[in-house]
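Engineer: I'd like to go over a predicted model; first the sequence, then the structure.
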Amino acid sequence: MTYPFSAIVGQDELKLALMLAATDPSMGGVLALGDRGTGKSTAIRALAALLPEVPVTDDPYVDPAPSAKTKKAPVVDLPLGATEDRVVGALDLEAALVRGERRFQPGLLAAADQGFLYIDEVNLLEDHLVDVLLDVAASGQNVIEREGLSIRHPARFVLVGSGNPEEGDLRPQLIDRFGLSVEVRTPTSIEERLQVIRRRQAYDADPAAFCEEWAAQDAIMRDRIVAARDALPSTAIPDEVMEKAAALCIALGTDGVRGELTLTRAARALAAFEGEDGATLDHVRRMATPALRHRLRKNPLDDSDSGARVARAIGEVLG
Amino acid sequence: MTLTAPTSQAEGAIDLLMDAQRRWDDALRIAELLAVDPNGLGGARVRAGPGPARERWLRCCRELTPDADYRTVPGAADQEVFSGGLDLIATLTEGKSVYLPGQLSKGGTLVIRMAEQIVPAAAQAVATRLDEGGDDFLLLLLDEGEEGAGPLRALSDRLAFELRLDGIPMAFLEDSETGPGDIAKARRRLEKTMISDRLINILGKACFGCGVLSLRVQQFGVRTALAAAALADRPEVTEEDVAEAARLILPSRVVPQEEEEEAPSPREKEPSDTAPEGHEEPPTSDAEEPTEAPHEEDLSGDDALAETILEAVKSGAVSLSTTTLGSASPKNRMRSNGRTGAVARSRRDGRPVGTAPGDPRRGDRLDVLATLRAAAPWQKLRPPPASQMLIRIYPSDFRVTRYAHKAGSSVIFVVDASGSSAMQRLAEAKGAVEALLAECYSRRDRVGLVAFRGEAAEEVVPPTRSLTRARRAMAGLPGGGGTPLASAMERAFAAALAERQEGRRPLIVFLSDGRGNIDLSGAPDRAAAQRDAESMAALFAEQALDILFFDTSKRPSDRVQALAGAMNARYLPLPYANGELVSSAVGEERRKLMAKSG
């Protein structure tokens, strides 16, 4: 029984970012930066449990047609010391040794298809794994050519990373791949902490009853996400709004075009999520910080926080 | 024991003994609490060398829950041992599929010996299991290693307690009076035990007072207090329970506050580079962040209680630091388990670069196809394969993959913060450090800073990749005072060797006028200081460390040049403040080093 998403206290920025990422996976996933032990992993698992079930493919490497069965959206943890074999998949050793068959043993990327791939401490990830992940996350496909295998399978997942900048700065190419970034802080208000502890106690005492209590709220969230997914293709973004988004990115000097793409996608996703027909300047304003804060070129002489820089630029460009 | 004329040495000895007794008593108490609520408390990290105290404690834990499954696992074990999976070697040798059940799949107590060698993937698997909880899973980490972060940190964050069992005389090792029956009763009572909002908040305040913001720690405090109340057959948690919980959980997590200027420290004369982080002078200044944050209605009574708790916690933190200073000496820092760790990691790090004969049982990664290809031609000459296998494999057929791990570099600055031109030198060094970190997109490089002034040297920035951390550490760096050059050299030496242990190539950069006037013991004796510096220089040369020495004296001094020569350092005069020269020279030297190591 996973802890219910709606029962999570606080962490509103994170929860919204996750829901929007689930609404539009093409946006590129979420990077959660900040303190340890703030329930990031809990939030992701809770969201996955809340989402509609996904179709199961019996043997995706032989017959990609989905069967009638469904399963919960998977959440796969990418362990720190994971070897490439485990992540990408490899020759099925047992089949090879015992039966002499050349079979593919799927790795973590296959397991994460249609779900979430969670990388804790993304700043400590091995370089060669980073390269693999970047390719797969972008293309949605995992291509394996090794050990006598030639396999291609879908690997569409929402990439969620967490990390603490104190432990080492993240590689710019990698963080740029994340759509939205949020800051996660441990609550410092006594009341909020009390509420978290009490809810946790209630959950531990009787998980089934607790989940029952929150089921209705979770259902509302699920319906909103489903509705947003359906409405997304027809959610428009007017040219004037797109121009402002572009102007904002220019003002901030973000590298490449990914900033604009993400910002406009995020604005549309937010509009769809809130049941609006089209994205407005307000949606752009609200999504600017999460979409752009991690794409600013690092200036060692400028001590100010990235969030503050974005806020300043928003004030100047969007008024 | 009668003392006619108590000396401070005798007092010190008594303090240590009392502290040891107290630590053992606490350890027994912790064993009881863990037995009552393993799900809520997770387990404990036990820092001790092998010895009677540790074994006795494990036995106590086991005896408190005789029905629980009790298993031991070596820290360096592969991830499959923890999570389960195909046992490759057994499969190959026995000729049929052999599976490892995975130590995390059942409940009960899991003891990880030499936990400091745990590989990150395994640590992650264990951490996830702790997060899931349930099945009365209890984790005991036996940590024989030195301080420091690493994969173990992720685990110890999820365990309520940390124990130190070094230096406890055998005579103190008595068993507790609590028996398994008491534990079983307490467990049944636990569900119905209550704790008031007020007491939960007081624990929160105690945490803040120690600079510990993590909510998880506060939750551990709550669970500990509940377990304590359950053991005492109380339906509701009392203030004593809360105070005890804080005292058991917080001291090992106290975060050092910003030191007040010139706070005289009762430091031991031994260079305490093994002193655990977080155990400097007891913080007298407020925590930087949120002591103003908690808003509550009832001020006086609760605040007083929180204060009392804090005092108890802090005295616990201080005594922890005094015990460890005695037990470890700088030589112990480079122990063999650290070396094994570095080697084991490097077996699987990096890009695969080819295959060679080898033994996968020793940690290398089996290359299945190459192994099969090696075995194939011999099949006709060998006896028929065992049961399910299609081919017969001999150990000589094993082929393993070789990896290439490009070691990163490390730059350790040693900056003279003494005397009048301290501020300039510091500014240059700070600028160079920041510039290096900013351009270090390659995450394999680290930068550290040792500063020296007054009586001793201080590792201001331990080697790190994080610009944020370096900036924060350098922010309050003051200048002035005597020049303890030898002491700084000692720190840098230790840091450099530690970097090497981890497979990096350290470059040490000195910024000083070389005129030490404080010797290693902290006394202002110029001649002794010079001798100490020279012997340190010889050590540097012996270890063939790469060193850049910037001479910041107004006129290049022969003595300094001689010192640099004794270290086999590259000597560069730098009479005027010139941050750019420092940065570019360091950058160039680093590139040369990387080219050499290849």
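Structural biologist: Thanks, I have it.

Engineer: for B:K106, give me its contacts.
Structural biologist: B:K106 makes contact with B:D69, B:D135, according to Cβ atoms under 8 Å, 6 or more residues apart in numbering or on different chains. (Each C-beta comes from the backbone N, C-alpha and C, glycine too.)

Engineer: that one should be in a strand, yeah?
Structural biologist: No - counting by DSSP: H, G, I helix; E, B strand; the rest coil, B:K106 is not found in a strand; it is coil.

Engineer: pull the distance from stretch B:206-219 to the chain's centre.
Structural biologist: 20 Å (Cα atoms, centre = their mean, to the nearest Å).

Engineer: how about stretch B:42-62?
Structural biologist: Using Cα atoms, centre = their mean, the mean C-alpha position of stretch B:42-62 is found 18 Å from that of the whole chain.

Engineer: show the end-to-end separation of it, please.
Structural biologist: This stretch, stretch B:42-62, spans 16 Å end to end (Cα to Cα, to the nearest Å).

Engineer: which ones are touching B:Y571?
Structural biologist: Counting by Cβ under 8 Å, 6+ apart, B:Y571 touches B:F549, B:D551, B:V560, B:Q561, B:A564, B:G565.

Engineer: the last one: neighbour count?
Structural biologist: It stands for B:G565. 13 (other Cβ atoms under 10 Å in any protein chain shown).

Engineer: where does pLDDT dip in the stretch 151-300 of chain A?
Structural biologist: Where the stretch 151-300 of chain A drops to pLDDT under 70, the residues are A:165-170, A:298-300.

Engineer: do a quick rundown of the strands in it.
Structural biologist: A:157-163, A:180-184 (DSSP state E, counting those that start in this stretch).

Engineer: residues in contact with B:E589?
Structural biologist: By Cβ under 8 Å, 6+ apart, the contact set of B:E589 is B:L507, B:D546, B:L548, B:R570.

Engineer: any of the residues you listed buried? List them.
Structural biologist: For the contacts of B:E589, a burial check counting by 16 or more other Cβ atoms under 10 Å in any protein chain shown picks out B:L507, B:D546, B:L548.

Engineer: ends of stretch A:174-193, what's the gap?
Structural biologist: Terminal residues of stretch A:174-193 are spaced 33 Å apart (Cα to Cα).

Engineer: flag every buried residue along it.
Structural biologist: A:174-184, A:186-188, A:190, A:193.

Engineer: over to stretch B:21-31?
Structural biologist: Across stretch B:21-31, burial judged by 16+ other Cβ under 10 Å covers B:R23, B:W24, B:D26, B:A27, B:L28, B:R29, B:I30, B:A31.

Engineer: columns pLDDT and distance to A:G28 on top of these, output as TSV?
Structural biologist: Formatted as TSV, the buried residues of stretch B:21-31 follow (pLDDT from 0 to 100; distance: Cβ to Cβ, whole Å):
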residue	pLDDT	distance to A:G28
B:R23	90	51
B:W24	92	54
B:D26	92	49
B:A27	94	49
B:L28	94	53
B:R29	94	50
B:I30	95	46
B:A31	95	48
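
Engineer: where do the helices sit along the stretch 301-450 of chain B?
Structural biologist: B:336-348, B:368-375, B:422-439 (DSSP state H, counting those that start in this stretch).

Engineer: worst average pLDDT in these?
Structural biologist: Within those, confidence is poorest for helix B:336-348, with a mean of 40 (mean pLDDT).

Engineer: returning to what we had before: out of the strands of the stretch 151-300 of chain A, which gets nearest to chain B?
Structural biologist: When the strands of the stretch 151-300 of chain A are compared by Cβ to the nearest Cβ, strand A:157-163 sits nearest chain B, at 10.7 Å.

Engineer: coming back round to it: wait, which of the buried ones among the contacts of B:E589 is closest to chain A?
Structural biologist: For the buried ones among the contacts of B:E589, the residue nearest chain A by Cβ to the nearest Cβ is B:L507; the value is 19.1 Å.

Engineer: doesn't B:G75 make contact with B:V111?
Structural biologist: No - look at B:V111 against B:G75 with Cβ atoms under 8 Å: they stay out of range, at 10.2 Å.

Engineer: what residues are shared contacts of these two?
Structural biologist: In the contact map built from Cβ under 8 Å, 6+ apart, the residues linked to both B:V111 and B:G75 are B:L142.

Engineer: comparing those two, which residue is more hemmed in?
Structural biologist: Just comparing B:V111 and B:G75: by other Cβ under 10 Å the higher neighbour count belongs to B:G75, 23 against 20.

Engineer: in the helix or strand where B:A186 lies, what's buried?
Structural biologist: Element membership for B:A186, per DSSP states H and E: helix B:180-190. By 16+ other Cβ under 10 Å, the buried positions in helix B:180-190 come out as B:D182, B:I183, B:A186, B:R187, B:R189, B:L190.

Engineer: mind pulling up the pLDDT for the fourth one?
Structural biologist: Yep, that's B:R187 we're talking about. On pLDDT, B:R187 comes in at 93.

Engineer: residues near A:L91, how many?
Structural biologist: Residues contacting A:L91 under the criterion other Cβ under 10 Å number 21.

Engineer: bridged to it, which residues?
Structural biologist: Listed beta-bridge partners, A:L91: A:F104 (assigned using DSSP bridges).

Engineer: remind me which residues of the stretch 251-400 of chain B are low pLDDT?
Structural biologist: Using pLDDT under 70, the stretch 251-400 of chain B drops low at B:255-302, B:312, B:314-353, B:361-364, B:386-390.

Engineer: quick one: low-confidence residue ranges for the stretch 51-200 of chain B.
Structural biologist: Where the stretch 51-200 of chain B drops to pLDDT under 70, the residues are B:88-89, B:92-97, B:146-151.

Engineer: tally of neighbours for residue 213?
Structural biologist: Since no chain was named, I'll use chain A. By other Cβ under 10 Å, 15 other residues sit near A:E213.

Engineer: try again with chain B
Structural biologist: 24.

Engineer: that one contacts A:D35, correct?
Structural biologist: Yes - here B:L213 reaches A:D35: they are 7.0 Å apart, a contact under Cβ under 8 Å.

Engineer: if we can go back for a sec, now the buried residues of stretch B:21-31 as JSON lines including distance to chain A and secondary structure?
Structural biologist: What follows is those, written out as JSON lines (distance: Cβ to the nearest Cβ, whole Å; DSSP: H, G, I helix; E, B strand; the rest coil):
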{"residue": "B:R23", "distance to chain A": "26", "secondary structure": "helix"}
{"residue": "B:W24", "distance to chain A": "30", "secondary structure": "helix"}
{"residue": "B:D26", "distance to chain A": "24", "secondary structure": "helix"}
{"residue": "B:A27", "distance to chain A": "25", "secondary structure": "helix"}
{"residue": "B:L28", "distance to chain A": "26", "secondary structure": "helix"}
{"residue": "B:R29", "distance to chain A": "23", "secondary structure": "helix"}
{"residue": "B:I30", "distance to chain A": "21", "secondary structure": "helix"}
{"residue": "B:A31", "distance to chain A": "22", "secondary structure": "helix"}
